[in-house]
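**Q** have a look at this prediction, sequence included:
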Amino acid sequence: MHITEQAAERHTLSIVVDNEAGILARIAGMFTARGYNISSLTVADITEDHAVSRITIVTYGPPAVIDQIIAQLDRLVPVHRVTDLTELGPHIERELALVKVVGTGDHRIEALRLAEVYRARVVDSTISSFVFEVTGNPDKIDKFCELMREVGLVEVARTGVAAMSRGREAA
Amino acid sequence: MSSEKSGADILVEALTDLGVEVVFGYPGGAVLPIYDAIFRQGKIRHILVRQEGGAAHAAEGYARSTGKPGVVLVTSGPGATNVVTGLADALMDSIPIIVITGQVPTQLIGTDAFQEADTVGITRHCTKHNYLVQDPARLGAIVHEAFHIATSGRPGPVVIDLPKDVQIASARYAKPASPLRHKTYRPQTEADPTLIEAAVAMLAAAERPILYTGGGIINAGPAASDGLRELQALTGAPVTSTLMGLGAFPASHDDWLGMLGMHGTYEANMAMNQADLILCLGARFDDRVTGRLDAFSPDSQKIHIDIDRSSINKNVRVDLGIVADVGSAIDDMIALWKAKGHKAADTGEWQRRITGWRARKSLSFPASDHEIMPQQAVKRLYELTRHLDPVITTEVGQHQMWAAQHFGFEAPNRWLTSGGLGTMGYGLPASIGAQVAYPGRLVIGISGDASVMMNIQEMSTATQYRLPIKIFILNNQYMGMVRQWQELIYASRYSESYSEALPDFVKLAEAYGWTGMRIEQPGDLDDGIAAMLAADGPVLVDCRVAQLANCFPMIPSGAAHTDMILHAEEVIGEASDEAKALV
């Protein structure tokens, strides 16, 4: 017997929650308990009184599973609202990465040249290393890291995706 | 301004304000302040169980039989972990219970203190919501909020974890104004009228409609069962129900098809398969109901009314999903049906087909004059007690399915069973909970020899509170449903399913101060049941039944509704790996 899987779509969800103890465990745990996927998760409080947090989750699954994920999130008691930004239409996704590259000579020059192309900033340097700060959508970060592998990448730290709908309406 | 009180006193006062009359519990170090507060008050009755798991199921039985929330009080650590099964059970079956757990003092949380467990962590995914209370000033509001969450929307279990120092520290308490308006939790109870309009139009146009009802109707209160009866009378549609929904529609009604699903009737499953419109009312298309999904009712339009949006389109894609309290939605449909002047469609052809399926007599079973057939025992129990309108509880397994098939229910809140989680050990404590709620009613626990052992210690609770529950064990000396699956799927290799070394149930009953009796011969069945009913106090009946009887009809795991096994002869010896992988 073999186990089969359905084709998956990538969706970016914005979840506005009451900033209470255990809320992240409740959200993340729901994903594990029901066998859903998380490719990226970011969380921070977004109101002046720190009472409300926005969690951005990038997940993937067949359309019916995405619908279920939203319904399951929506019925958690501390959840204010869930928005499927992917379903909503045009939206912006941004991620920040710190990328450490070690090397000398041609590799070092090439790393700097590529960083310029990707508008990455040098935030730390030694005689034989750089740490670049790069922001953009996840694809751009992926591509930047891929190129840096050729010129001495040793370490990557990524924040995960923060996302927002385009236009004047709040999602 | 009211004066300050201890957290323990605030808890007891809040429970009293919420109308709590009974708490099922077990004391321990981390709840001593609460037990002292209980000792000092006179309004709440405490029922001392013998293991915390029993308290959770007793509270479920209390809740299911009354429609009121059940309340549990246990200590930290093992007290809390022992109620986890009951929480998971209540979550699956949408039973409103509030479980208050003691916790080590806040400054000891995280230090692996004596009897410390991460209760909110452990119970996070088997509760509807849970709380760790760190401030006594918040306690009163949290207790009221917990009851609101447990009992509204789709009901479920809520845990309040209460550290010992918070029970002792003092704060003010004032009864909050009702109704409570929560900042994020606002379940939708009223249906969108345009969807009701669409549903009524679909129902009026249907030629082969069926009402598929579930536990949601029971949860919506007795008025929803009345509504269901009226809607059925208006439309003439036949009615089937899940295990959890039994009693919402009277079993004596001509249009009652019996339970559907894995051990449902032939007519119920065939009608689901052949219908052109399924109106699902407060049920959730569970795998035990649908059988193989790609063959489930292929030609029907489906309407699903449920208070939980996540239940809609979870297992089966429906044509029309309506989020609402099912009782309210039924009332809306009735009103609109009448306003539009719809008449019941001519379903003569549909009724004739159903009559044909009924003629298969799928609940028939082989007769025996030398051993008691378990189905016969349930049938006689039903016939000899129906005039007493009993509350019936079950454990889990063959006896549960036989009870669902052969015991008829005319009204809601009479049938207490563990459906979703399938918890052996539920029935005996649930009987206690129901009997506490209704001291004068007949409460019968239909049980199995293996299941009854899982919470057998609760016999002592019934003795202490003189609860006259009747536990009727269909004793076949097997974990019957496990044995049946092994017979059907694993070529009769009965791995570990034989009940070796059962106690002498009659002596056990006597040891607990109960009446014990044994029924062994078919000819003694009626007299035995009469003797059980005549005895004062709790009775344990050891009814010896045919050891190898199987529960039919049956849709094997992964099969379609049309592939029902009606009799044992149709069964093959060993199933494929695909079939074995299904639950």
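**A** Right, received. Where do you want to start?
**Q** helix/strand/coil for B:R284?
**A** Secondary structure, DSSP: H, G, I helix; E, B strand; the rest coil: B:R284 is coil.
**Q** excluding sequence neighbours, find me the nearest residue to it.
**A** Once flanking residues are discounted, B:R284 sits nearest to B:S311: 4.5 Å by C-beta to C-beta, 6 or more residues apart in numbering or on different chains. C-beta coordinates here come from the backbone N, C-alpha and C atoms, glycine included.
**Q** same thing with B:N413?
**A** Nearest one to B:N413, counting by C-beta to C-beta, 6+ apart, is B:S65 at 5.3 Å.
**Q** verify the stated contact: that neighbour with B:G433.
**A** Yes - counting by C-beta atoms under 8 Å, B:S65 does reach B:G433; the two are 7.1 Å apart.
**Q** quick one, what contacts the residue lying closest to A:I38 once chain neighbours are set aside?
**A** Nearest non-adjacent residue to A:I38, counting by C-beta to C-beta, 6+ apart: A:F31, 5.3 Å away. Residues near A:F31 by C-beta atoms under 8 Å, 6 or more residues apart in numbering or on different chains: A:N37, A:I38, A:I57, A:T59, A:I69.
**Q** residues of chain B that sit close to chain A?
**A** B:120-121, B:124-125, B:128-129, B:132, B:149, B:154, B:182-185, B:308-310, B:312-314, B:317, B:577-578, B:581 (C-beta under 8 Å from any C-beta of the partner chain).
**Q** if we use 7 Å, what do you get?
**A** By the rule C-beta under 7 Å from any C-beta of the partner chain, the part of chain B lying against chain A is B:120, B:124-125, B:129, B:132, B:149, B:184-185, B:308-310, B:313-314, B:577-578, B:581.
**Q** name the residue of the stretch 451-583 of chain B that lies nearest to chain A.
**A** Ranked by C-beta to the nearest C-beta, the top residue of the stretch 451-583 of chain B for proximity to chain A is B:D577, at 4.1 Å.
**Q** quick one: that residue and A:M1 touch, right?
**A** Yes - here B:D577 lies in contact with A:M1, judged by C-beta atoms under 7 Å, at a distance of 4.1 Å.
**Q** coming back round to it: burial measure for the residue nearest to B:N413, as a count.
**A** Under the neighbour criterion other C-beta atoms under 10 Å in any protein chain shown, B:S65 is assigned a count of 26.
**Q** do the same with A:T104
**A** 11.
**Q** now it, nearest residue through space, not along the chain?
**A** Excluding the flanking residues, the one nearest A:T104 by C-beta to C-beta, 6+ apart is A:S128, at 5.4 Å.
**Q** one more: B:D325?
**A** Here the residue nearest B:D325, using C-beta to C-beta, 6+ apart, is B:T189, at 4.1 Å.
**Q** so that neighbour sits against B:V323, correct?
**A** No - B:T189 lies out of contact with B:V323 (C-beta under 7 Å); the separation is 9.0 Å.
**Q** B:L162 sits in which helix or strand?
**A** Using DSSP states H and E, the element containing B:L162 is strand B:157-163.
**Q** quick check: next helix or strand after that strand?
**A** As assigned by DSSP H and E, the chain's next helix or strand after strand B:157-163 is helix B:164-168.
**Q** list the buried residues of that following helix.
**A** B:K164, B:D165, B:V166, B:Q167 (16 or more other C-beta atoms under 10 Å in any protein chain shown).
**Q** just put those in TSV and tack on pLDDT.
**A** Shown next, in TSV, are the buried residues of helix B:164-168 (pLDDT from 0 to 100):
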residue	pLDDT
B:K164	98
B:D165	98
B:V166	98
B:Q167	98
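**Q** separation between the residue lying closest to B:A411 once chain neighbours are set aside and B:L474?
**A** Leaving aside its chain neighbours, B:A411 sits nearest to B:G247 (5.7 Å; criterion: C-beta to C-beta, 6+ apart). To B:L474, B:G247 is 21 Å away according to C-beta to C-beta, to the nearest Å.
**Q** between those two, which is the more surrounded one?
**A** A direct count of neighbours by other C-beta under 10 Å for B:G247 and B:L474 places B:L474 higher, at 32 against 21.
**Q** is it correct that that one falls within a strand?
**A** Yes - remark: B:L474 belongs to a strand, assigned using three-state DSSP.
**Q** report the contact partners of it.
**A** Residues counted as contacts of B:L474 (C-beta atoms under 7 Å, 6 or more residues apart in numbering or on different chains) are B:P374, B:A377, B:H399, B:I446, B:G448, B:C543, B:V545.
**Q** same question for B:M554.
**A** B:M262, B:H263, B:M564, B:I565 are the contacts of B:M554 under C-beta under 7 Å, 6+ apart.
**Q** host element of the second one?
**A** When you say that, I think you mean B:H263. Counting by DSSP H and E, B:H263 is found in no helix or strand.
**Q** excluding its backbone neighbours, what's nearest it?
**A** What sits nearest to B:H263 in space, not counting adjacent residues and going by C-beta to C-beta, 6+ apart, is B:M401, at 4.3 Å.
**Q** give me the element B:Q547 is part of.
**A** With DSSP H and E as the criterion, the answer for B:Q547 is that it lies in no helix or strand.
**Q** what pLDDT does the closest residue in space to it that isn't next to it in sequence get?
**A** Closest residue in space to B:Q547, ignoring its immediate chain neighbours: B:N476 at 4.7 Å, by C-beta to C-beta, 6+ apart. Looking at B:N476, its pLDDT stands at 98.
**Q** same question for B:I565.
**A** Reported pLDDT for B:I565: 89.
**Q** separation between the closest residue in space to it that isn't next to it in sequence and B:R288?
**A** The shortest distance from B:I565 to any non-neighbouring residue, by C-beta to C-beta, 6+ apart, is to B:M554 (4.8 Å). B:M554 sits 11 Å away from B:R288, going by C-beta to C-beta.
**Q** quickly list what's touching both of those two.
**A** Residues touching both B:M554 and B:R288 (C-beta under 7 Å, 6+ apart): B:M262.
**Q** residues contacting whichever residue of chain B sits closest to chain A?
**A** When scored by C-beta to the nearest C-beta, chain B has B:S310 as its residue closest to chain A, at 3.6 Å. The neighbourhood of B:S310, defined by C-beta under 7 Å, 6+ apart, consists of A:Q68, A:A71, A:Q72, A:R75.
**Q** adding neighbour count and distance to B:V482, write these out as a markdown table.
**A** Shown next, in a markdown table, are these (neighbours: other C-beta atoms under 10 Å in any protein chain shown; distance: C-beta to C-beta, whole Å):
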| residue | neighbour count | distance to B:V482 |
| --- | --- | --- |
| A:Q68 | 19 | 31 |
| A:A71 | 18 | 34 |
| A:Q72 | 21 | 32 |
| A:R75 | 19 | 34 |
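**Q** now these as CSV including secondary structure?
**A** Shown next, in CSV, are the contacts of B:S310 (three-state DSSP):
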residue, secondary structure
A:Q68, helix
A:A71, helix
A:Q72, helix
A:R75, coil
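**Q** which one of those is nearest chain B?
**A** Using C-beta to the nearest C-beta, A:A71 is the member of the contacts of B:S310 that lies nearest chain B, at 3.6 Å.
**Q** does B:I473 touch B:I446 like I think?
**A** No - between B:I473 and B:I446 there is no contact under C-beta under 7 Å: 8.4 Å.
**Q** out of the two, which sits in the busier spot?
**A** Between B:I473 and B:I446, counted using other C-beta under 10 Å, B:I446 has the larger neighbour count: 30 against 27.
**Q** wasn't the more buried one part of a strand?
**A** Yes - under three-state DSSP, B:I446 falls within a strand.
**Q** and it, bridged to which residues?
**A** Beta-bridge partners recorded for B:I446 (DSSP bridges): B:T394, B:F472.
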